[in-house]
Every structure is written in C-alpha cells, then in structure tokens.
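# sequence? don't have it. structure:
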Ligand code: NAD
C-alpha cells in the first residue's frame, strides 16, 4: 500500500482521497480552504455526493484517511501526490492552469526524492511539461491521470469506472500510478502524457456534442409533431449510437462540459486547427437554453413581464449540490431577462444570489401564485410531487417539463397544460 497526498478536496479530490483510502492506501487530503479540512476531520462532507459519507466514515475509522491544512505534513512522506485543484475557464476560453502551477510550486521543495506528482485536474495538452518546469526537480516524476467521475454517481464511478487512463513519460512511472488501482477491475489505459490529457477533453466534448445534437433533434421533433422519445428510442437501438445520453433537456452545463468544450476549441486554435463541430455544439447549447425560455414565454401569451414562474431544480443535474454553470440558472437568467420573476425550489439549494430569483423551501411554496411551472433538474423526488396541490396553488396551468420527470397524464388530470415540449413523454 502506498502513501498518497491529495491536493484539493473538492468534488474530485474528496472522491479521490476517500476512494484511494478505501482501497487500503494511506491518504492525506490537503486543501487551502481550512473550513473544508476541519469538516473532513470531523467526518463531515463539504459536498453532497450520495454514498460518499459512508465510505468517509469507514476510512476515517481505519485511519487510512487524514486531512490537514499543513502542506508539508501532507506531501513530505508521500510517494504519490494527486493534484485535484480547479482549472477554470480563462478569459479567452482556454483552461486557467494557475491553480495547478501554484500547487506545484508550493510543494516542490517539500517532495521526497522519487515521488510522483499526478495531475487529476483536467488540463490541456502540454500541461505535464509545465508542471515539470514548475517543480524543476529531476528526481520527481509527473503523470497525468484524468478524472471521469460524474457528480451524483462519483462513488459508483470510482469503484466501477469505464476505464482508468494514466499517461507519463515512462511506462514504469505510468504503471506505478496504475498499480494504485490494482483492486479495481476495469480497462486500464497507459498512454503518453498528451494522449492522457486529450482523452479527457475529447471525451467530454464528444458527450457535449451528442447532447447538443439530441436537443436540436428534439426541437425538430416539436416542430414536426414527432414524439422525441420515440425518435430517441429508434435512434438508440442502433448499437453504433447507443441509448445513453439520448435524453433531451434544457441544455448541458455543470463545472466541466462548458469549460472543457471551450478549452478544446482553444487547444485546437493553439495548433492552428479549425474544429468547427465543437463551436457548433456550444452555440446549439445556448439555443437550447433560449428555446426553454421561448416555450414558457409563448405559453404565457408572448410576454413574461409581470409573470411569476415557479422553477423546480437549480443544480446542473440531480443528486448533487453543484450549481456551477447549471443550465437551470442559464434558463432562469433568460426568464428574468425577459421581465419574469422566478421562485425556485431545489432539494439541495436554499439560497442563490441572482436578482429576480428567490429560493423557497418547498415545491408548493414555489408554485403559489405562479403563472407557469418549469422543471429544470431531474430530481427523482419531483416525480412524487402532488400535482393537484401544485396546480391548485398556481394562478396559471402551464407546466414545462424539460427533464421528463413528471407523469403528464397525472398532471393533465390535475389541470396542467403542457405546451409543446422537448422532453419525452412520461411512462
Ligand atoms: P472544486 O472547486 O470542487 O475543488 C477544488 C479544490 O481545490 C477546492 O477545495 C479548493 O479550495 C482547492 N484548492 C485550490 N487551490 C489549491 C491549492 N493551491 N492547494 C490546495 N487546494 C487548493 O473542483 P472540482 O470540481 O473537484 O474539479 C477539480 C478538477 O477536476 C478540475 O480540473 C475539473 O475540471 C476536474 N474534474 C472535475 C469533475 C467534476 O465532476 N467536478 C470531473 C472530472 C474532472
């Protein structure tokens, strides 16, 4: 078993540190945010991630996981140091590497000879060399181990990943990182550093393109009078296409797809290459947000001025508390921009700073007096909402379900009116 330090205990760092500790390694998690460290020490998760709390309790009890605000304590005995810090979008669309470089510089004099610094943050091609330069020590190796977890399913994705990718200059170094996952049974891919870095961006960008295409086709279905569910089902049976990621929605978002698609476009740019598909997917996604706002506005007679819209869901997907680049927020901004007032409920969010938006504590409070109800996140608990109670509380009857969570028949029986929707029919 190895000694491992994890730098940054956000969504990825927490899953990585808790997951590696559960495999039997001795892990120390370090974060510059001491509040997160104190929570971890107390056995509390700073994020909502189903199932992670149970494993956290187990690895704290076994003492396989510790947390610290002392960087030297975290890294000086570690054989492997996983960097899990943010790589947000820079002003020009490229990935901002400053957190990765700052973390590398901060640890460089503390590392023990022979240690391997493993980048888990999503970083563009060429970043490994920049990390090597920031560390500036020939006795330290650098590897790239991109993370593919989905928030809301992070535990499942750590324990049963579709694949693990590790890239390094030498196969020995890449293999030493891969060996940390020896208890995990999945395809294991050893690559060069640039390949590992590109696999992550290419995967996220492909998924974003797939979703944009699905949303475009769903809009076409609405216009042509076809049921998007029937069309997606018919498409998905083609094994070359597959039936996953074929659900229409209000547009994609979250902390990864928006920045990673723009970063891929920027990487191509830096090589003087045109890859127009990714830019088209980004533009299509903005259209998807706009189409939801259009549908609500048209259903309310062509104007949102003076109208109150109840919204169910603020997070970018279900089973997370993450609202970063949430499509729900993108749609809400458009509703407010057109003169509407939005009252929202989300199971995980009790406040969000946005003028024109108030966040309330239950679906019925959100619906009270509203002219329309819009579902923007696919929380399973929305399926169980009492349709009659909601419709009775509203002052209108329009319901737009962008996530296909409501049973239309039950809601229609309760008096709801569904304008043309790009969601498949509830079954
Ligand atoms: P996050 O914002 O949740 O967590 C980052 C953490 O790093 C924060 O706790 C922050 O305090 C800490 N930090 C920043 N600078 C630091 C430093 N110098 N030393 C120590 N800690 C520092 O971010 P995240 O969602 O976990 O994403 C991290 C990286 O992983 C990004 O590159 C992201 O693109 C990638 N990624 C994210 C996901 C996801 O679903 N969130 C999935 C795959 C890959």
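Okay, I see it. Keep in mind that this is a model prediction, so the values were computed, not measured.

# Now do the contacts for the nearest residue to residue 383 once chain neighbours are set aside.
In space, and not counting its chain neighbours, residue 383 is closest to residue 405: 5.5 Å by C-beta to C-beta, 6 or more residues apart in numbering. (Each C-beta comes from the backbone N, C-alpha and C, glycine too.) Neighbouring residues of residue 405 by C-beta atoms under 8 Å, 6 or more residues apart in numbering: 375, 378-380, 382-383, 426.

# Give me the three-state assignment for residue 405.
coil (DSSP: H, G, I helix; E, B strand; the rest coil).

# hey, what's residue 168 bridged with?
residue 143 (DSSP bridges).

# Which residue lies closest in space to the residue in the chain positioned nearest to the ligand, excluding its sequence neighbours?
Nearest residue of the chain to the ligand, counting by C-beta to the nearest ligand atom: residue 10, 1.7 Å away. Leaving aside its sequence neighbours, residue 10 sits nearest to residue 84 (C-beta to C-beta, 6+ apart; 6.7 Å).

# Also residue 328?
Residue 328 sits nearest to residue 376 (C-beta to C-beta, 6+ apart), 3.7 Å away.

# Quick one: residues contacting that neighbour.
Residues near residue 376 by C-beta under 8 Å, 6+ apart: 250, 292, 311-314, 327-328, 331-332, 402-403.

# Would you mind checking those residues for buried ones?
Buried residues within the contacts of residue 376, counting neighbours by 16 or more other C-beta atoms under 10 Å: 250, 292, 311-314, 327-328, 331-332, 402-403.

# what's the burial count for residue 380?
10 (other C-beta atoms under 10 Å).

# got a pLDDT number for the nearest residue to it once chain neighbours are set aside?
Nearest residue to residue 380 in three dimensions, chain neighbours excluded: residue 318, at 6.5 Å (C-beta to C-beta, 6+ apart). As predicted, residue 318 sits at a pLDDT of 97.

# Residue 318 in helix, strand or coil?
Once three-state DSSP is applied, residue 318 turns out coil.

# In a strand, residue 32, correct?
No: going by three-state DSSP, the assignment for residue 32 is coil, not a strand.

# Going forward, count from 32.
All right, first residue 32 from here; so that's residue 63.

# Can you name every helix or strand that the strand or helix carrying residue 309 contacts?
Per DSSP states H and E: residue 309 is located in helix 307-330. Contacts defined by 3 or more C-beta pairs under 8 Å, 6 or more residues apart in numbering; DSSP states H and E place helix 307-330 against helix 224-255, helix 288-301, helix 358-368, strand 403-406, strand 429-432.

# Just give the closest residue to residue 263, not the sequence neighbours.
That would be residue 277: by C-beta to C-beta, 6+ apart, it lies 4.3 Å from residue 263.

# Can you tell me the number of residues neighbouring the one you found?
Around residue 277 there are 21 residues (other C-beta under 10 Å).

# Near the ligand, which residues of the stretch 232-381 of the chain are found?
286-287 (C-beta under 6 Å from any ligand atom).

# Which parts of the chain belong to which domain?
Following automatic domain parsing, one finds the domains of the chain at 34-221, 223-458.

# for residue 311, what are its contacts?
With contact set as C-beta under 8 Å, 6+ apart, residue 311 has these partners: residue 243.

# Let me know the pLDDT of it.
In this model, residue 311 carries a pLDDT of 98.

# now do the one 10 residues further on
If you check residue 321, the pLDDT there is 97.

# show me the contacts for it.
So residue 321 contacts residue 365 (C-beta under 8 Å, 6+ apart).

# got it, and residue 214?
Listed by C-beta under 8 Å, 6+ apart, the contact partners of residue 214 are 54-55.

# Apply 10 Å and report the result again.
53-55, 190 (C-beta atoms under 10 Å, 6 or more residues apart in numbering).
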